[in-house]
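>>> Just need the structure, nothing else, for what follows:
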Amino acid sequence: KDICTYMIRIALDVMGGDNCPGAAVEGAVRAAAANQDIAITLVGKGQAIKDELAKLNVNSDRITILDAAEEIDCHEQPTAAIRKKEASMVKALNLAAKGEVDAVVSSGSTGALLAGATLIVKRIKGVKRPALSPLLPTVKGGWIMLIDCGANTDCKPQYLQQFGVMASAYMQSVMGVDNPRISLLNNGEEAEKGCELTKAAYKLLSAAPINFAGNCEAREVLSGEFDALVCDGFVGNVVLKYTEGLASSMMAMLKTELTADFKSKIGAALSMGAFRRFKKKMDYKEVGGAPLLGINGCVIKAHGSSDAKAFASAIRQAELFVKGNVNPKIAEAIASLPDEE
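Predicted coordinates for the structure are as follows:
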């Protein structure tokens with residue numbers, strides 16, 4: 001069958017992550033088996049991909065291979081790396097730029113993916129800067145989008161306004177949140193609090209066509225009171241890495257205390273189900289990746305240590321992004337904003 005007859009066409013860079021190509025190929029197979037409406041192009045070293053498919057005994061007309069002789073190392077300078085025309089990430093992005101696929105998923109170098117998406121796929125008209133936007137679990141069982149988490153360490157107020165608009169479109173279209181509550185990370189709830197950047201951004205977000213819920217202090221990030229958290233990439237990356245580290249450290253400390261004596265071990269055994277649910281809620285594999293919003297296409301950055309489950313989740317996220325028509329909604333909202341640069 002012609003790959004173009006399928007609803008959602010996804011290019012998967014299978015060479016970028018710690019567990020590639022095996023985990024990426026297996027994740028693609030899982031995703032294709034779970035949904036008949038997607039077709040996946042595996043981009044990477046052809047023979048290695050064939051070997052992995054053979055191990056899984058897979059022969060599907062919805063899984064095709066695009067050979068790529070090179071790969072991008074995470075230590076390479078991003079703009080130099082994307083000049084490697086035979087690199088799997090570059091070839092995947094070129095498919096999106098040509099309109100031959102609807103989405104790209106990669107667990108490779110974040111810097112190279114950002115540079116490649118911006119220069120090859122390009123930005124949505126009017127978008128000043130694309131933003132990397134992971135989802136974090138909240139105490140109420142939902143999700144909050146952190147935008148930006150590292151793509152733009154130095155921002156202007158208008159960038160933050162656009163981040164809020166893009167986050168609102170995504171949370172509504174993909175996550176099904178009605179009238180998403182968009183907040184601005186700050187050092188106080190009052191509108192006059194913060195640095196020059198956040199005070200100016202507060203005014204712009206208040207005037208944007210979104211449900212701006214005001215400032216959010218750091219202790220409220222995971223409260224469930226907000227659906228998206230706007231900040232510059234430097235602050236966002238600190239929040240993300242601290243949250244990941246804190247969750248890991250707390251689990252380690254809890255494990256130590258629960259095995260400290262006999263009574264604690266009994267209590268731990270009785271509470272095992274709750275601990276498993278908590279661990280699952282905090283597991284990035286459930287979401288799979290972070291969308292790069294503002295790009296004229298769908299680009300999903302999967303975690304560098306993704307396993308097959310995480311890749312399948314990232315592919316599912318790409319599918320929902322395309323089905324949700326996120327980019328047309330972002331383009332419409334961005335066009336309604338005044339250009340203040």
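>>> What ranges in the stretch 151-300 of the chain fall below the confidence cut-off?
275, 278-288 (pLDDT under 70).
>>> next one: stretch 230-239 to chain centre, how far?
On the basis of C-alpha atoms, centre = their mean, to the nearest Å, stretch 230-239 is displaced by 14 Å from the centre of the chain it belongs to.
>>> Give me the contact list for that stretch.
Residues outside stretch 230-239 that contact it (C-beta atoms under 8 Å, 6 or more residues apart in numbering) are 131-132, 146-155, 159-160, 163-164, 167, 182-185, 197, 201, 205, 218, 221, 229. C-beta here means a position set from N, CA and C on the backbone, and glycine is covered the same way.
>>> Among those residues, which ones are in helices?
Mapping the contacts of stretch 230-239 onto helices (DSSP state H) picks out 159-160, 163-164, 167, 197, 201, 205.
>>> State the pair within these that is farthest apart.
Checked with C-beta to C-beta, the ones in helices among the contacts of stretch 230-239 reach their widest spread between Ala167 and Leu197, with 17.3 Å between them.
>>> Please identify which of the two sits among more neighbours.
Set Ala167 next to Leu197 and count neighbours by other C-beta atoms under 10 Å: Ala167 wins out with 28 against 19.
>>> now the more buried one: how far from Gly294?
Taking C-beta to C-beta, to the nearest Å as the measure, Ala167 and Gly294 are separated by 11 Å.
>>> Could you do Val177 as well?
Distance from Val177 to Gly294, by C-beta to C-beta: 19 Å.
>>> which residue ranges form the strands in the protein?
8-13, 38-44, 63-67, 103-106, 131-132, 135-137, 143-147, 181-185, 211-216, 228-230, 289-293, 298-302 (DSSP state E).
>>> burial of Ser60, as a residue count?
When counting by other C-beta under 10 Å, one arrives at 13 neighbours for Ser60.
>>> Ignore what I typed, I meant Lys156.
The number of residues packed near Lys156 is 18, by other C-beta under 10 Å.
>>> can you check Ala54 too?
Counted with other C-beta under 10 Å, residues neighbouring Ala54 total 10.
>>> Over to Ile63?
Residue crowding around Ile63 was assessed by other C-beta under 10 Å; the count is 22.
>>> my guess is it meets Val29, correct?
Yes - shown here, Ile63 and Val29 form a contact pair, counting by C-beta atoms under 8 Å, at 6.9 Å.
>>> Find the residues that touch each one of those two.
With contacts defined as C-beta under 8 Å, 6+ apart, the residues adjacent to both Ile63 and Val29 are Leu53.
>>> Scan the protein for its longest helix.
Longest among the helix segments of the chain by residue count, using DSSP H, is helix 233-258.
>>> mind listing what's buried in that one?
For helix 233-258, the neighbour count (16 or more other C-beta atoms under 10 Å) marks 233, 235-237, 239-240, 243, 247, 258 as buried.
>>> try stretch 41-56
For stretch 41-56, the buried set under the neighbour-count rule, 16+ other C-beta under 10 Å, comprises 41-45, 48-49, 52-53.
>>> So which of the residues you listed is the closest to Val121?
If you rank the buried residues of stretch 41-56 by distance to Val121 using C-beta to C-beta, Val43 comes first, at 14.3 Å.
>>> So what pairs up with the closest one in the strands?
As for beta bridges, Val43 partners with Asp13, Leu66 under DSSP bridges.
>>> Would you confirm that it contacts Ala69?
No - look at Val43 against Ala69 with C-beta under 8 Å: they stay out of range, at 11.2 Å.
>>> Tell me who's in contact with the spatially closest residue to Ala169 that is not a sequence neighbour.
Nearest in space to Ala169, with sequence neighbours left out and distances taken as C-beta to C-beta, 6 or more residues apart in numbering, is Lys329 at 4.2 Å. Remark: with contacts taken as C-beta under 8 Å, 6+ apart, Lys329 is in contact with 169, 172-173.
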